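Participant: From the sequence below, what's the structure:
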Amino acid sequence: METEADELALAIDYPDDHPIARLVRRVRGLHGSPTLEFTLAVEARRTCTLPIGLHPVFRLHPQTGSVALEISAEKAATFPGDVDATSIF
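Facilitator: Residues are numbered from 1 along each chain as shown. Next up is the predicted model:
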């Protein structure tokens with residue numbers, strides 16, 4: 001798997017009989033900006049419809065409101081149920 005000098009790439013290879021062959025997640029910082037860019041490549045073996053869960057974990061500043069999350073997607077979903085008291089979302 002090729003990577004650029006300013007990025008991290010992580011891959012998950014699925015079993016041979018699964019419709020998905022591999023997921024490749026890339027993370028990189030944008031030069032001159034306090035921004036992280038995430039991409040996900042899904043390599044499918046055949047046409048399928050499956051959910052994909054992306055779960056980034058960051059160590060955030062403990063002060064409430066010190067971080068803002070901006071999502072530029074047409075559609076997004078969160079966990080469809082109650083979460084424990086430690087969740088700030």
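
Participant: what residue is smack in the middle of this structure?
Facilitator: The chain has residue 54 as the residue nearest its centroid, 4.1 Å off, counting by Cα atoms, centre = their mean.

Participant: Pretty sure that residue sits against residue 42.
Facilitator: No - between residue 54 and residue 42 there is no contact under Cβ atoms under 8 Å: 11.1 Å. All C-beta spots, glycine's among them, are computed from the backbone N, C-alpha and C.

Participant: still on that earlier bit, next, the residue nearest to the centre of the chain: secondary structure please.
Facilitator: When classified by DSSP: H, G, I helix; E, B strand; the rest coil, residue 54 comes out as coil.

Participant: which ones are touching it?
Facilitator: If you count contacts by Cβ atoms under 8 Å, 6 or more residues apart in numbering, residue 54 has them with 25, 38, 40.

Participant: For those, pick the one with the most neighbours.
Facilitator: Neighbour counts for those (other Cβ atoms under 10 Å) peak at residue 25, which has 15 neighbours.

Participant: give me phi/psi at that residue?
Facilitator: Taking degrees, to the nearest 10, you get phi -100, psi 130 for the backbone angles of residue 25.

Participant: now do residue 12
Facilitator: When read as degrees, to the nearest 10, the backbone of residue 12 gives phi -120, psi 120.

Participant: list the contacts for residue 9?
Facilitator: Residues near residue 9 by Cβ under 8 Å, 6+ apart: 1, 3, 24, 25, 26.

Participant: what about the third one, how many residues close to it?
Facilitator: It refers to residue 24. Neighbours of residue 24 under the rule other Cβ under 10 Å: 16.

Participant: Figure out the helix or strand that it lives in.
Facilitator: Using DSSP states H and E, residue 24 maps to strand 20-29.
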